[in-house]
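Engineer: From the sequence below, what's the structure:
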Amino acid sequence: MKTVTPLYAALHGLLFVALSLQTIRMRRRHRIPLGDGKHPALRRAMRVQANFAEYVPLALLLIYFVEIGGGSALRIHILGGALFCGRLLHAWGVSQVQENFRYRTAGIVLTFAVIISACLFLLFSRLSY
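Structural biologist: Residues are numbered from 1 along each chain as shown. As a prediction, the model looks like this:
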């Protein structure tokens with residue numbers, strides 16, 4: 001059986017590299033080797049990258065568990081696609097110094113929805129044994 005989760009792991013890996021490169025470019029442009037130098041845009045770029053690193057590994061792990069636990073390919077595509085869209089929206093929203101909170105909020109709502117729905121699938125599928 002071919003798994004679907006690696007597709008979303010690869011997409012998220014590429015997005016993480018892009019977010020990391022954005023932070024590195026800002027550090028070089030403003031000559032700030034460590035910390036944020038009280039630069040608002042760099043602080044936001046750092047938080048976007050860190051927030052991604054905080055949520056995505058757990059979400060992808062849960063998606064993978066859903067997949068190997070019997071979740072359909074469609075369910076995995078919905079979860080993986082929602083997570084990717086959520087992370088894009090969150091990154092866009094938080095990276096703006098003049099932030100529009102709708103993007104940030106939509107991004108975290110999608111991220112939490114993926115995590116919660118994967119957890120519920122796993123809990124209910126295990127309780128039915």
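
Engineer: Low-confidence ranges, the protein, go.
Structural biologist: 1, 128-129 (pLDDT under 70).

Engineer: where do the helices sit along it?
Structural biologist: 5-30, 40-68, 73-95, 101-127 (DSSP state H).

Engineer: Quick check: closest non-adjacent residue to Val94.
Structural biologist: Val48 (4.9 Å; C-beta to C-beta, 6 or more residues apart in numbering). (Glycine included, C-beta is placed from N, CA and C.)

Engineer: thinking again about what came up before, adding mean neighbour count, write the helices of the chain out as a markdown table.
Structural biologist: Converted to a markdown table, the helices of the chain look like this (neighbours: other C-beta atoms under 10 Å):
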| stretch | mean neighbour count |
| --- | --- |
| helix 5-30 | 15 |
| helix 40-68 | 18 |
| helix 73-95 | 19 |
| helix 101-127 | 16 |
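
Engineer: can you tell me which residues contact Tyr103?
Structural biologist: For Tyr103, the contact set (C-beta atoms under 8 Å, 6 or more residues apart in numbering) comprises Leu89, His90, Trp92, Gly93, Val94, Gln96.

Engineer: contacts for stretch 21-31?
Structural biologist: Ile32, Pro33, Gly37, His39, Ala41, Leu42, Ala45, Met46, Val48, Gln49, Ser95.

Engineer: Please determine how far the last one is located from Phe65.
Structural biologist: Per C-beta to C-beta, to the nearest Å, Ser95 is found 30 Å from Phe65.

Engineer: what do you get for the first one?
Structural biologist: With the distance defined as C-beta to C-beta, Ile32 ends up 39 Å from Phe65.

Engineer: what phi and what psi does the backbone show at Arg31?
Structural biologist: phi 50, psi 50 (degrees, to the nearest 10).

Engineer: Tell me, how many residues neighbour it?
Structural biologist: 7 (other C-beta atoms under 10 Å).

Engineer: List the contacts of the residue nearest to Val94.
Structural biologist: Leu19, Gln22, Thr23, His90, Ala91, Val94, Ser95.

Engineer: Those residues into JSON lines, with extra columns for distance to Ala53?
Structural biologist: Formatted as JSON lines, the contacts of Val48 follow (distance: C-beta to C-beta, whole Å):
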{"residue": "Leu19", "distance to Ala53": "9"}
{"residue": "Gln22", "distance to Ala53": "14"}
{"residue": "Thr23", "distance to Ala53": "11"}
{"residue": "His90", "distance to Ala53": "12"}
{"residue": "Ala91", "distance to Ala53": "12"}
{"residue": "Val94", "distance to Ala53": "13"}
{"residue": "Ser95", "distance to Ala53": "15"}
